[in-house]
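1. Turn this into a structure:
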Amino acid sequence: MIRNVPSKTDERTESLRNAIEHRATWMGLLIDEAKKKGLDTSFAHAAIRRCGVFHGMNKFPRTDDMAEFAPAFANEESKKVFEMELIRNDDRHLHIDFHYCPLVAAWIKAGLPLEDMPELCDIAMEGDRGIVSTYDKFSFTLGKTIAKGDDVCEIRIDKVEN
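-> I've put the predicted structure just below:
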């Protein structure tokens, strides 16, 4: 069972959540139609990762400094939208628990099968993986996810020595 209940919030945050839900609906329905046609979903993983790489190269600071990267990745609006809790935020680690996921909310509203949620989530997370892949000194780990029925999504970005 997936529990994904948002907290009451302000109008701006609701508007951003709705925009994310709209895009997640597109993504989920496209993948659902592809699966119905017997297509392998690897195309979706590659496309979303490519999008993440594009954003990593063009919308995020080009730095090896976690203190500079962290507020760009976990900005104030994103913190509200995803109900982010900064578990660890220092010069080597950005560990975040997300307590709400508008993507999962959209997929449920669209009537997509609950058993597809983990794969849809994994595809969507290619965006974050793509962003972090543009940083030679950062690694990305996805732990628990709301899409798998966990209470939180665990995002762990760590500074590594190459």
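2. A strand includes I96, no?
-> Yes. Counting by DSSP: H, G, I helix; E, B strand; the rest coil, I96 is found in a strand.
3. partner residues bridging it?
-> L86, I155 (DSSP bridges).
4. any idea how far it is from R156?
-> With distances taken as Cβ to Cβ, to the nearest Å, I96 is found 8 Å from R156. (Glycine included, C-beta is placed from N, CA and C.)
5. For these two, indicate the residue with more neighbours.
-> Using other Cβ atoms under 10 Å, the more surrounded residue of I96 and R156 is I96, with 22 against 16.
6. Report the contact partners of the closest residue to K59 other than its chain neighbours.
-> Nearest residue to K59, sequence neighbours excluded (Cβ to Cβ, 6 or more residues apart in numbering): A72, at 7.9 Å. By Cβ atoms under 8 Å, 6 or more residues apart in numbering, the contact list for A72 reads 59-61.
7. Among those residues, which one sits closest to T141?
-> Closest to T141 out of the contacts of A72 is F60 (18.2 Å), distances taken as Cβ to Cβ.
8. Check the gap between the spatially closest residue to the closest one that is not a sequence neighbour and R12 for me.
-> Nearest residue to F60, sequence neighbours excluded (Cβ to Cβ, 6+ apart): A72, at 5.1 Å. According to Cβ to Cβ, A72 and R12 sit 19 Å apart.
9. pLDDT weak spots in the protein?
-> 162 (pLDDT under 70).
10. can you give me the strands for it?
-> Remark: strands assigned in the chain by DSSP state E are 84-89, 93-98, 138-142, 153-159.
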